[in-house]
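# predicted model and sequence below, questions to follow.
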Amino acid sequence: MGDFKLNERLEADSHLVSILGLCQLRLLNDSRWPWFILVPQRNDISETHQLTPLDQTLLTFEMNETARALQRVTQCTKINIGALGNIVRQLHMHVIARNEGDAAWPGPVWGFGKAEPYDTKGAKALMSAIAKEL
């Protein structure tokens, strides 16, 4: 995985939390929602079906563990998970904590309003809490 290349936009828009078995776990820099992305460390992959069966299993496991940790840390009422890839083609899964009454509820968060970046303290606290829970 030493030659893995992360998409420039994903790198610019998120903070590295941890390297899991397959994926980079990253916090999206938008404080409106606790929003993480999982990026399988495989080059030239844009769809889950392009992963090997073992990598598909690892991705599912890491996605579910991230969702579990996120729900425990935030006490959110709903977890949204999705992969769009219409703008950034590199495969990445979104894992987002949602609550009734949040800014976009009940609609999707994609394309809603303008991102509100974390302050350093807030980002570090959430990243640390998730890493500890995982």
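Looks like it arrived, so ask away. The structure presented is a predicted model; accordingly, all values stated were derived computationally and were not measured.

# quick one, longest helix in this protein?
helix 53-74 (DSSP state H).

# list the helices and strands it packs on?
Packing contacts for helix 53-74, counted by 3 or more CB pairs under 8 Å, 6 or more residues apart in numbering; DSSP states H and E, involve strand 23-28, strand 35-40, strand 78-82, strand 93-98, helix 120-133. Backbone N, C-alpha and C define where each C-beta goes, glycine included.

# distance of E62 relative to L6?
Going from E62 to L6 by CB to CB, to the nearest Å gives 16 Å.

# quick one: contacts for the residue nearest in space to the middle of the chain?
Residue closest to the average C-alpha location in the chain (CA atoms, centre = their mean): I37, at 1.5 Å. By CB atoms under 8 Å, 6 or more residues apart in numbering, the residues touching I37 are 10, 14, 25-26, 28, 92-95.

# closest to W110 out of those?
H94 (8.3 Å; CB to CB).

# re the thing from before, which one (most neighbours) among the contacts of I37?
Within the contacts of I37, V95 tops the neighbour count with 26 neighbours, counted by other CB atoms under 10 Å.

# isn't that residue right next to M63, touching?
Yes - using CB atoms under 8 Å, V95 makes contact with M63 at a distance of 6.3 Å.

# give the residue spans of the protein that score low on pLDDT.
1-2 (pLDDT under 70).

# again, 80 this time
Within the chain, the ranges that satisfy pLDDT under 80 run 1-2, 85.

# if we can go back for a sec, and which of the contacts of I37 is nearest G107?
For the contacts of I37, the nearest to G107 is H94 (14.6 Å; CB to CB).

# for that closest one, which non-adjacent residue is closest in space?
The shortest distance from H94 to any non-neighbouring residue, by CB to CB, 6 or more residues apart in numbering, is to G82 (5.1 Å).

# kindly report the same for I81.
V95 (5.5 Å).

# from K5, how far out is the one you found?
To K5, V95 is 22 Å away according to CB to CB.

# do the same with Q24
Distance from Q24 to K5, by CB to CB: 11 Å.

# cool, and A67?
26 Å.

# equivalent analysis for N64, please.
Applying CB to CB, the value for N64 to K5 is 26 Å.
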